[in-house]
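Asks: predicted structure and sequence below. I'll ask about it afterward.
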Amino acid sequence: MATETLTRPTVDSEKKLDHPWRVVLYNCDCHSMDEVVFALQRATGCSLEKAESIMYEAHQRGRAICYSGPKLECERVVSVLRTTKLQVELDHD
């Protein structure tokens, strides 16, 4: 019985295969916390708890990664968040 040797990708190639695109949400004082949470839920489909966590991180640190995934999906999330005039940026490795 022959055994097959499987090679595992290196850490660098794993990083490239993982979703390198991400949406960064910046803190602003022009929206209520509830508005931001609602927009995050609408744009990303995340839970209330996750949206609140992202909002608090952006509020406290000035920015937070609110979504990561394929480029087209990240562009969609950016577009939805910008309709409510939230400050967001599309970023990748």
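Replies: That came through, no problem. Numbers count the residues shown, from 1 in each chain.
Asks: so what's Ala51 up against?
Replies: Taking CB atoms under 8 Å, 6 or more residues apart in numbering, we find Ala51 in contact with 36-38, 40-41, 44. Yep, even glycine has a C-beta here, placed from its N, CA and C like the rest.
Asks: helix/strand/coil for the most centrally placed residue in the chain?
Replies: For the chain, the residue nearest the mean C-alpha position is Tyr67 (1.3 Å; CA atoms, centre = their mean). Following DSSP: H, G, I helix; E, B strand; the rest coil, Tyr67 is assigned to strand.
Asks: partners of it in the sheet?
Replies: Counting by DSSP bridges, Tyr67 forms beta bridges with Val23.
Asks: and it, what's its pLDDT?
Replies: Tyr67 carries a pLDDT value of 97.
Asks: ok, now how distant is it from Asp29?
Replies: 22 Å (CB to CB, to the nearest Å).
Asks: restricted to strands, list the contacts of Ala51.
Replies: If you go by DSSP state E, the contacts of Ala51 have nothing in strands.
Asks: strands of the protein, start to end?
Replies: 21-26, 63-69, 88-92.
Asks: format the ones you listed as CSV; extra columns: distance to Ala51.
Replies: Shown next, in CSV, are these (distance: least, CB to CB, whole Å):
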stretch, distance to Ala51
strand 21-26, 10
strand 63-69, 8
strand 88-92, 14
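Asks: where in the chain is pLDDT low?
Replies: 1-19 (pLDDT under 70).
Asks: which stretches of it form helices?
Replies: Taking DSSP state H as the test, the helices found in the chain are 11-17, 33-44, 48-61, 71-83.
Asks: out of those helices, deepest packed?
Replies: helix 33-44 (a mean of 19; mean count of other CB atoms under 10 Å).
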